[in-house]
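1. Structure for the following, please:
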Amino acid sequence: MKIAVTGANGLVGRHLCIYLISKGISVVSITRKACNIEGASNLILADFSDIEKASGLIDGCIAIVHLAALTHSPTATYSDYSKVNVELSRAMAKAAAKAGIQTFVYLSSIKVNGEYTIDKPFRHTDPPTPQDHYGRSKLRAEQALSKDCLNSSIDLIIIRPPLILDRHSRGNIQMLSNAISWHLPLPLANSGNRRDIVSLHNLSSLIYQCLLTPGLSNETLLVSDGAAMSTTEIVKSLANNGGKRVLLFRMPTFMRAIMSKTPKLKYLYQRLFGNLEVDINHTLNTVRWQPKAQTPSNLYE
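-> Here you go, the predicted model:
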């Protein structure tokens, strides 16, 4: 089995390639710049909109896992996100059709569902409610790819991960990791919330199992480690993994109330103290996959 992986030099891409290779999969890594992954055929595609060249690079593969995306960029406009996450994804789908690819796995985001949950976890059938440029661009990409792959008779599998917990993750994890490294006290003692996460191992193993599952087509799969963590637990896990000590203190209740009701602070409040849970029952029932139970000793493997 020969699989192409775009964005192979990213956090998820590199781990996925190594995981697939360990399972005996022949991997073709597709990146904009030189990337050296031992055991993979490392190919450069400087322009992802070059359909002719892209189709030539992935010729002979039976599936492509499209990870390349614009993610955490505070200065990016919606147009920037759309160009990379929508238009270049569609170009890769066209290249896949030209190369005779059978399966297109697209890594989307739980942000398509929304930023937080209240009474119940997100489900794959929930109406999308993206709140930022990134989430909206991922939704548009899903919608466009669904049409493109249907017209090309390519089996499309969409995977929406929540927070990917790794010490090298960007975004909020990077912010927390930096605060821990700088020994800054954090007002996150006893946050009391529930946030689903996914480890690199479990995400890679799900993608691998999707590639092995016959007849899987036009599916949207939510993924997690199967056990939610509080922000307090996430911070402690990051600190322990990095061999650091972290100073946590309680934020007074009245300050949390002010944050939750102040428009400019509400987003930050939800990220720190809000819930984000996902229901992975559909994924478990559709794919023969079970998340590996994560412990402090194997969470970052």
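2. tally of neighbours for the nearest residue to residue 26 once chain neighbours are set aside?
-> Excluding its sequence neighbours, the residue lying closest to residue 26 (CB to CB, 6 or more residues apart in numbering) is residue 2, at 4.3 Å. No exception for glycine: its C-beta is placed from N, CA and C like everyone else's. Residue 2: 14 surrounding residues under other CB atoms under 10 Å.
3. distance of residue 2 from residue 42?
-> 14 Å (CB to CB, to the nearest Å).
4. and what of residue 292?
-> Counting by CB to CB, the gap from residue 292 to residue 42 is 28 Å.
5. Those two - which one has more neighbours?
-> A direct count of neighbours by other CB under 10 Å for residue 292 and residue 42 places residue 42 higher, at 18 against 14.
6. Helix, strand or coil: sort out the more buried one for me.
-> Recorded secondary structure, residue 42: strand (DSSP: H, G, I helix; E, B strand; the rest coil).
7. rewinding a little: any idea of the pLDDT on the residue nearest to residue 26?
-> Here, the pLDDT recorded for residue 2 equals 97.
8. Return the residues in contact with it.
-> 25, 26, 27, 28, 60, 61, 62 (CB atoms under 8 Å, 6 or more residues apart in numbering).
9. 10 Å instead, please
-> Residues near residue 2 by CB atoms under 10 Å, 6 or more residues apart in numbering: 25, 26, 27, 28, 41, 58, 59, 60, 61, 62, 63.
10. which one of the residues you listed has the most neighbours?
-> Result: residue 58 is most packed of these (other CB under 10 Å), 27 neighbours.
11. And the helices in the stretch 151-300 of the chain?
-> Counting by DSSP state H, counting those that start in this stretch, the stretch 151-300 of the chain has helices at residues 172-181, 200-212, 231-241, 253-261, 263-273, 281-286.
12. Distance check, the residue nearest to residue 26 against residue 223.
-> According to CB to CB, residue 2 and residue 223 sit 24 Å apart.
13. Then residue 146?
-> Relative to residue 223, residue 146 is positioned 19 Å away (criterion: CB to CB).
14. which one of those two has more residues nearby?
-> Taking other CB under 10 Å, residue 146 and residue 223 do not tie; residue 223 has more neighbours (26 against 16).
15. which ones are touching the more buried one?
-> Counted by CB under 10 Å, 6+ apart, residue 223 has contacts 107, 110, 159-162, 164, 196, 198, 202-203, 205-207, 278, 280, 283-284, 287, 289, 291.
16. Got the phi and psi for the residue nearest to residue 26?
-> Geometry field for residue 2 lists phi and psi as phi -120, psi 120, criterion degrees, to the nearest 10.
17. quick one: pLDDT of residue 179?
-> pLDDT for residue 179: 87.
18. I meant to write residue 238 there.
-> 87.
19. so it makes contact with residue 166?
-> Yes: counting by CB atoms under 10 Å, residue 238 touches residue 166, with 9.4 Å between them.
20. And the strands in this structure?
-> 2-6, 26-31, 41-44, 63-66, 103-107, 155-160, 163-164, 197-198, 219-222 (DSSP state E).
21. Least confident of these, on average?
-> Mean pLDDT per stretch puts strand 163-164 lowest among the strands of the chain, at a mean of 90.
22. packing partners for that one?
-> On a contact count with 3 or more CB pairs under 10 Å, 6 or more residues apart in numbering; DSSP states H and E, strand 163-164 meets helix 11-22, helix 172-181, strand 197-198, helix 200-212.
23. quick one: that strand to chain centroid distance?
-> Centre-to-centre, strand 163-164 and its host chain are 6 Å apart (CA atoms, centre = their mean, to the nearest Å).
24. likewise stretch 101-121?
-> Centroid displacement of stretch 101-121 relative to its chain, using CA atoms, centre = their mean, is 8 Å.
25. so how far is the first residue of that stretch from its last?
-> For stretch 101-121, the first-to-last residue distance is 34 Å (CA to CA, to the nearest Å).
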